[in-house]
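K.L.:
Following is a predicted model, sequence given first.
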Amino acid sequence: MTKQEILKKYFGYDTFRTGQEVMIDAILQGRDALGIMPTGAGKSLCYQVPALMLPGITLVISPLISLMMDQVKALNQVGVHAAYINSSLTEGQIHKALQYAAQGQYKIIYVAPERLETESFLNFAGHAEISMVTVDEAHCISQWGQDFRPSYLNIVRFIEKLPARPIVSAFTATATKQVQEDIVCVLGLMDPEILVTGFNRENLYFEVRREKNKNACLLEYVSAHRSDSGIIYCSTRKNVETVCEFLEDMGIDATRYHAGLGADERKRNQEDFIYDVKPVMVATSAFGMGIDKSNVRYVIHYNMPQNLENYYQEAGRAGRDGEPSECILYYSPQDVATCQYMIENSQERQELEPQVREILMERDHERLKRMTFYCFTNDCLRDYILRYFGEYGNNYCGNCSNCLTRFESVDVTEIAKKLVNCVGSSRQRYGINVILDTVHGANTAKIRGYRMDQNPYYGCLAKVNMNKLRQVLNYLLLENYLTVTNDEYTLVRLTDRTKDLLADGAHLVMKMAKETEKGAGALGASQGADSGNAGGRKRKGAAWLEDEERKLFEALRALRMEIAREEKVPPYIVFSDKTLIQMASLHPEDKEGMLKVSGIGEYKFEKYGEKFLSCIRSVRKQGR
Ligand code: ADP
Ligand code: ZN
């Protein structure tokens with residue numbers, strides 16, 4: 001089978017996502033590979049598809065038992081023989097699993113790093129044909145990362161002990177340069193194909209609210225999204241308790257999670273959430289690691305977290321299935337004070353040298369500042385986040401509360417032409433600031449020194465504010481009407497596209513922040529916005545199904561729940577929300593139609609196809 005056929009037959013998808021193919025092809029050519037892709041990008045398929053095509057077994061090293069179980073369940077669901085070996089099994093079960101594995105029963109085996117060095121496992125591995133070792137959550141190998149796990153260092157020794165070196169592939173969502181280099185180096189990847197896909201998650205909508213009455217706001221939101229699954233993060237255990245109680249009192253099916261609860265209760269509550277018994281989870285940041293639930297439709301931060309790293313990681317638990325999902329942050333000044341207190345009184349740091357503690361504290365304060373700015377910026381929120389992580393966005397995403405309420409289309413043709421002409425008339429010899437100062441008519445020694453005060457465009461845009469000029473120039477660079485040289489001087493140059501802009505009748509329109517009156521802009525704008533349905537909002541997903549389809553969707557969802565209960569798996573393992581939404585809008589009538597739905601392969605059709613077909617039939621019959 002080709003990789004395309006495997007994608008369709010087992011996973012039920014028609015096309016690979018950006019990057020997946022690059023990784024798969026490299027692996028199939030026998031190369032090592034490192035994939036750095038954000039949550040929800042589809043890392044698993046990058047090694048699962050080649051695992052099914054390579055001759056022997058693929059071992060997947062994974063740090064968390066819950067992740068392994070989830071993955072193996074999902075694979076078994078689509079007809080792939082897979083198993084996990086970790087401390088949740090008894091010695092007897094492990095023995096049995098290794099026996100089956102040695103007989104070649106499994107194509108994919110998930111294993112905890114601690115297991116690699118045990119005698120029984122080494123004995124098995126020494127005799128089996130292992131085609132690939134895949135390291136999931138590979139950042140755990142780096143001592144620079146936040147989640148360093150010493151047991152990950154076993155991996156290298158283990159690989160060295162194998163009779164033949166397998167292909168080694170590694171995946172993570174952590175993108176700092178240092179961690180990336182560590183992975184390549186410590187794991188000993190050989191000439192790996194390295195893929196880094198952007199941090200942007202298009203399906204996530206971002207919003208900041210500065211509401212006085214957080215509870216009222218929360219209740220309104222949760223009530224309006226009753227059938228959706230969501231997480232509400234609070235900064236303290238006490239807040240978790242009060243918010244959860246409040247929601248329960250208001251008749252919402254909510255549950256809670258924080259480190260102060262007993263292990264049993266934590267486990268029970270977590271399962272209630274994962275199995276969609278309780279759609280709303282109120283939790284501290286202790287909740288979420290290793291939660292693979294793909295249909296989390298919203299993540300609300302009831303309190304502002306300490307930094308954007310934490311915020312983006314937690315908010316990113318929404319929408320792993322790629323469907324539109326919302327990330328909303330409730331800000332209050334008290335949150336900043338709480339964070340400050342936490343930074344200054346961190347228990348973990350008590351043992352450190354005073355100077356080290358000082359440095360870390362300073363760094364944390366700086367991060368907190370940038371988190372706070374996020375709550376007040378008038379810029380595109382997505383852009384703000386991406387810039388924080390060192391990427392460039394394009395100023396306007398159309399899918400955050402700022403873009404939807406604070407931006408307007410502005411015709412900038414005249415400004416753009418003058419900027420371009422200024423660059424041309426100074427023979428493309430100057431950098432961005434000189435060009436801006438020239439058109440703005442700055443009277444500085446530098447401008448006079450370059451004789452730009454004699455340039456025909458000197459002062460021609462003196463009345464436009466500098467900030468706006470800079471935005472237009474950035475836009476010209478982004479749209480490739482201008483470019484900058486790649487050397488230390490970064491001179492502004494014309495491009496092939498420049499002439500299009502100068503042509504008669506050319507128009508350039510861009511999105512710009514509304515020029516708000518003093519004060520009103522900072523606090524007023526976002527509060528009026530009706531979250532969810534603000535004008536022009538890119539939304540699809542269940543909320544946009546027509547009435548008829550919506551009814552069908554609910555019926556399909558009930559059927560999915562029934563099956564999930566019977567089989568004791570989380571509902572999203574049966575079918576994702578995305579699959580059900582498509583099923584509801586396409587309402588296929590036969591097998592052929594069913595296989596066209598994204599997420600339904602041969603095996604899943606055999607298992608569930610008829611049940612869902614008859615559900616569709618009966619709902620549509622009622623409708624007529
Ligand atoms: P990651 O591990 O990168 O966070 P996953 O591997 O869990 O992401 O994939 C996220 C979701 O995207 C899963 O529901 C998965 O089935 C789905 N997915 C992966 N690849 C594709 C594809 N090519 N087409 C459609 N959906 C996909
Ligand atoms: Zn935006």
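P.N.:
Now that the structure is in, tell me what you want to look at. Ligands and ions are numbered 1, 2, ... in the order given.
K.L.:
where do the helices sit along the stretch 201-350 of the chain?
P.N.:
Along the stretch 201-350 of the chain, the segments classed as helices by DSSP state H, counting those that start in this stretch run 214-224, 237-249, 263-274, 308-315, 333-344.
K.L.:
Pick the most buried one from these.
P.N.:
Counting by mean count of other C-beta atoms under 10 Å, helix 308-315 has the highest mean neighbour count of those, with a mean of 20. The C-beta positions use only the backbone N, C-alpha and C, and glycine is treated the same way.
K.L.:
List the buried residues in the host helix or strand of residue 581.
P.N.:
Following DSSP states H and E, one finds residue 581 within helix 577-586. Residues 577, 578, 579, 580, 581, 582, 583, 584, 585 are the ones in helix 577-586 that count as buried (16 or more other C-beta atoms under 10 Å).
K.L.:
Would you format those as TSV with pLDDT and distance to residue 72 included?
P.N.:
Compiled in TSV, the buried residues of helix 577-586 are given as follows (pLDDT from 0 to 100; distance: C-beta to C-beta, whole Å):
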residue	pLDDT	distance to residue 72
577	88	21
578	87	21
579	92	20
580	92	23
581	89	26
582	89	26
583	93	25
584	91	29
585	87	31
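K.L.:
Between those, which sits nearest ligand 1?
P.N.:
Within the buried residues of helix 577-586, the smallest distance to ligand 1 is 7.4 Å, found for residue 578 (C-beta to the nearest ligand atom).
K.L.:
ok now do that closest one, which residues does it touch?
P.N.:
Going by C-beta atoms under 8 Å, 6 or more residues apart in numbering, residue 578 touches 321, 322, 323, 598, 599.
K.L.:
The fourth one touches residue 11, doesn't it?
P.N.:
By that I understand residue 598. No: at 9.3 Å, residue 598 does not count as touching residue 11 under the criterion of C-beta atoms under 8 Å.
K.L.:
Pick out whichever of those two has more residues nearby.
P.N.:
More neighbours surround residue 11 than the other of residue 598 and residue 11, with 23 against 17 (other C-beta atoms under 10 Å).
K.L.:
right, and that one touches residue 45 too?
P.N.:
Yes: the criterion here is C-beta under 8 Å, and residue 11 meets it with residue 45 at 6.6 Å.
K.L.:
ok now do residue 281, which residues does it touch?
P.N.:
230, 231, 232, 254, 255, 256, 257, 269, 273, 287.
K.L.:
Look up how far ligand 1 lies from the residue located most distally from the centre of the chain.
P.N.:
Outermost residue of the chain with respect to the C-alpha centroid, by C-alpha atoms, centre = their mean, is residue 454; its distance is 50.7 Å. For residue 454, the distance to ligand 1 (C-beta to the nearest ligand atom, to the nearest Å) stands at 57 Å.
K.L.:
between the helices of the stretch 201-350 of the chain, which gets nearest to residue 446?
P.N.:
helix 308-315 (35.5 Å; C-beta to C-beta).
K.L.:
Look at residue 192 and say how many residues are nearby.
P.N.:
Neighbour count for residue 192, taken as other C-beta under 10 Å: 20.
K.L.:
Look up phi and psi at it.
P.N.:
phi -70, psi 150 (degrees, to the nearest 10).
K.L.:
Quick check: it touching residue 36?
P.N.:
No: counting by C-beta under 8 Å, residue 192 sits too far from residue 36 to count as a contact (11.3 Å).
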